[in-house]
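[1] just the structure for this:
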Amino acid sequence: MKILLAADGSAYTRHAVDYLIKHLGMFGGPPELGIVHVRPMIPGRAATALNKTVIQKYYADETAKALAPARRMLDKAGLKYKVSQLIGDPGAEVAALAKKGKFDLVVMGSHGHGALGSLVLGSAASKVLAQCKIPVLIVR
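    Numbering: from 1, shown residues only. You can find the predicted model right below:
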């Protein structure tokens, strides 16, 4: 099974990784695993004021920080994975990667803001659910 794990560095991601590791048997053994972090784009005005190298370093550093907890857990469990770093809208980018990469399942944590929070703030999990054509496992 080919699984895409969306990671944002939060405790919710750690819960999702822990669930995935503890329930590997449900997936028919060790999966082909991809782990992705999506950084929202720096707003245009701020980006034009910054050097391209500075922006790239920012994205790389923030992605490394966000993925570190999940990577430690997966490494400790002896699971191999491929890392992807994307820039843009997290929900849309995760859904697009799931399709492009021909994944069988997306696994992600949810902050659980509820209906009103999702309406006002938007929710990466809600966007992935709305845009993905494959199953999405949301761990809370």
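[2] so G28 makes contact with M1?
    Yes: the pair G28 / M1 is scored as a contact, 5.6 Å apart, by C-beta atoms under 8 Å. Quick note: C-beta positions are derived from backbone N, CA and C, even for glycine.
[3] neighbours around R140, how many?
    11 (other C-beta atoms under 10 Å).
[4] so what pLDDT did it get?
    On pLDDT, R140 comes in at 82.
[5] go ahead and confirm it touches Y19.
    No: using C-beta under 8 Å, R140 makes no contact with Y19, being 9.7 Å away.
[6] next, K133: phi, psi?
    phi -100, psi 0 (degrees, to the nearest 10).
[7] look up which helix or strand L137 falls in, please.
    strand 136-139 (DSSP states H and E).
[8] who does that strand pair up with?
    Sheet pairing of strand 136-139 (DSSP bridges) gives strand 105-109 (parallel).
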